[in-house]
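In: Coordinates for the following, if possible.
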Amino acid sequence: MTIDGDGKFIPLTPKFKEINRVLNRVHTKRLEKGQKLFMLDL
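Out: Numbers count the residues shown, from 1 in each chain. You can find the predicted model right below:
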């Protein structure tokens, strides 16, 4: 289950699963990039 824009629970469809995967990849890459920049500043 996931939450839609109105705050209601809806089933996690394949479309939403793919969106979640893409967002997770973007988030992970940003975290990795931030950690690399942090390590360069030390």
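In: Give me the number of neighbouring residues for Ile19.
Out: When neighbours are counted by other C-beta atoms under 10 Å, Ile19 registers 13. (C-beta placed from N, C-alpha, C; glycine too.)
In: Apologies, that question was intended for Thr2.
Out: Thr2: 13 neighbours (other C-beta under 10 Å).
In: partner residues bridging it?
Out: Taking DSSP bridges as the rule, Thr2 bridges to Ile10.
In: pretty sure Gly7 belongs to a helix, no?
Out: No. Assigned with DSSP: H, G, I helix; E, B strand; the rest coil, Gly7 falls outside any helix and is coil.
In: Next one, pLDDT for it please.
Out: At Gly7, the model reports a pLDDT of 92.
In: Tell me how many other residues crowd it.
Out: When neighbours are defined as other C-beta under 10 Å, Gly7 has 6 of them.
In: what about this protein, any weak spots by pLDDT?
Out: 41-42 (pLDDT under 70).
In: Helices along that one, start to end?
Out: 14-41 (DSSP state H).
In: what's Pro11 in contact with, if anything?
Out: By C-beta atoms under 8 Å, 6 or more residues apart in numbering, the contact set of Pro11 is Met1, Thr2.
In: phi, psi of it?
Out: phi -60, psi 150 (degrees, to the nearest 10).
In: For it, give its distance to Thr28.
Out: 25 Å (C-beta to C-beta, to the nearest Å).
In: With Phe9 instead?
Out: Phe9 is 26 Å from Thr28, by C-beta to C-beta.
In: just Glu18 next, same as before
Out: Glu18 sits 16 Å away from Thr28, going by C-beta to C-beta.
In: Equivalent analysis for Ile19, please.
Out: If you measure Ile19 against Thr28 using C-beta to C-beta, the figure is 15 Å.
In: same question, Asp6
Out: Distance of Asp6 to Thr28, given as C-beta to C-beta: 28 Å.
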